[in-house]
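In: Show me the folded form of this:
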Amino acid sequence: MITGFYLGALEAFSAIGSYLGDDVSLYKELYAKGRKFMEKDLYNGEYFVQKIQWSGLSAPDPVVAAKRSFGGGYSAEAVQLLQQEGPKYQYGGGCLSDGVLGSWIARVCGLPEPVDTAK
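Out: Purely as a prediction, here's the structure:
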């Protein structure tokens, strides 16, 4: 959902760092990898989608984490939905304008487009 923000921020870091004479090679490398991922793995041929990964991460399992939060744990029905669709508050394979909002912010700031404008 926020990949566009991330790529736009990397563009900004690179521009600011270059102006200050800093080594920005890491930011440029991360940007190139992120852009490639977004345009290859998050573009379905028509629009950018949200790709949800909630298992196999270093973050705790959402069901375990929810037990320690103010919102309480997952109900049996919520666990079933989690297994089918992913964590609460996610939009699945849908399209959100937030995913490419970083492009607009970059343009407003006079930075290059973080993603292919044809997409």
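In: mind listing the helices for this structure?
Out: 3-20, 25-41, 62-67, 76-85, 101-108 (DSSP state H).
In: The last one vs helix 3-20, what angle?
Out: To tie it back to what came earlier, the one meant is helix 101-108. 30 degrees (axes from the mean of the first three to the mean of the last three CA atoms, to 10 degrees).
In: Rounded mean pLDDT for helix 101-108, please.
Out: For helix 101-108, the mean pLDDT works out to 83.
In: Going by neighbour count, list what's buried in it.
Out: 102-103, 105-106 (16 or more other CB atoms under 10 Å). Every C-beta, even on glycine, is put in place using the N, C-alpha and C of the backbone.
In: any chance of those residues in a markdown table, with distance to L42 too?
Out: Shown next, in a markdown table, are these (distance: CB to CB, whole Å):
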| residue | distance to L42 |
| --- | --- |
| G102 | 13 |
| S103 | 13 |
| I105 | 18 |
| A106 | 17 |
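In: Now C109. Nearest residue, chain neighbours left out?
Out: Distance criterion CB to CB, 6 or more residues apart in numbering; nearest residue to C109, sequence neighbours excluded, is A12 at 6.8 Å.
In: who are the neighbours in contact with the one you found?
Out: 106, 109, 111 (CB atoms under 8 Å, 6 or more residues apart in numbering).
In: would you list the residues you listed in TSV and tack on distance to C95?
Out: What follows is these, written out as TSV (distance: CB to CB, whole Å):
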residue	distance to C95
A106	19
C109	24
L111	23
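In: between those, which is nearest G17?
Out: Each of the contacts of A12 was checked against G17 using CB to CB; the closest is L111, at 12.9 Å.
In: now that we're looking at that closest one, how far away is E11 from it?
Out: 5 Å (CB to CB, to the nearest Å).
In: can you check G17 too?
Out: 11 Å.
In: Just want to know which of these two has more residues nearby.
Out: Neighbour totals were compared for G17 and E11, and E11 leads with 23 against 16 (other CB atoms under 10 Å).
In: Go ahead and confirm that one touches I105.
Out: No: the criterion here is CB atoms under 8 Å, and E11 misses it with I105 at 9.7 Å.
In: mean confidence for stretch 33-47?
Out: pLDDT averaged over stretch 33-47 gives 92.
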